[in-house]
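K.L.:
got a sequence here, can you model it:
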Amino acid sequence: MNFIQQAKQEWEANTTPYPKKHIVRPVVKNIPLIIPELFGQFDKAIALLNWNEDCIEIRKLETLQPRQGGASRLIRYLKCLSDKYQIPLWGHARLYEPDEPFPNGPLLTKTELCIFYIKHGFQLREIDDDASEIKYIPNLPSHTN
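P.N.:
Below is the predicted model:
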């Protein structure tokens, strides 16, 4: 089993499946296209991840209770997996309209979202007004003799 598979197995053992339906826009012929997505819930936040061969891609990250620390705890857990298995985290800091069930409370602005990732040790590269690329490089393990 490679490091990506080990990290995914640990993620699945420590999260709860959180199925969510995503409405794809634009709607064709007044019929919404609904795609089921399987997030993993950790604490009071959920993440939709891709397990690529060279990184863990954060496709979506949502809090279930805004400004209660759940998203920070989820990010810290993902960083622990990244450090443990030496796998970079990658994704985009982008605002998007969440689908039901909606979080209770105000969501972050684009500036607050970028500050959130920087505060958690991510490198940001501005792409355009709507999105920034985010990257976390795992800490090298310390060796003691």
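K.L.:
so which residues of this structure form helices?
P.N.:
Remark: helices assigned in the chain by DSSP state H are 3-14, 70-85, 110-119.
K.L.:
most tightly packed of those?
P.N.:
Burial of the helices of the chain is given as mean neighbour count (mean count of other C-beta atoms under 10 Å); helix 70-85 ranks first at a mean of 18. For the C-beta atoms, the positions are set from N, CA and C on the backbone; glycine is no exception.
K.L.:
need the contact partners of it.
P.N.:
For helix 70-85, the external contacting residues (C-beta atoms under 8 Å, 6 or more residues apart in numbering) are 3-4, 6-7, 10-11, 14, 42-47, 56, 58, 61-64, 87-89, 116-117, 120-121, 136, 138-139, 141.
K.L.:
least confident of the helices of the chain, on average?
P.N.:
For those, mean pLDDT drops lowest on helix 110-119, to a mean of 92.
K.L.:
which other helices and strands contact that helix?
P.N.:
Applying 3 or more C-beta pairs under 8 Å, 6 or more residues apart in numbering; DSSP states H and E, one finds that helix 110-119 contacts helix 70-85, strand 89-94, strand 123-126, strand 131-136.
K.L.:
and those as CSV, adding distance to residue 104?
P.N.:
Output for these, formatted as CSV (distance: least, C-beta to C-beta, whole Å):
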stretch, distance to residue 104
helix 70-85, 12
strand 89-94, 22
strand 123-126, 28
strand 131-136, 25
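K.L.:
which stretch among those comes nearest residue 32?
P.N.:
Minimum separation from residue 32 across the helices and strands packed on helix 110-119 (C-beta to C-beta) falls at strand 89-94, 21.2 Å.
K.L.:
who does the closest one pair up with?
P.N.:
Applying DSSP bridges, strand 89-94 is found paired with strand 56-63 (parallel), strand 131-136 (antiparallel).
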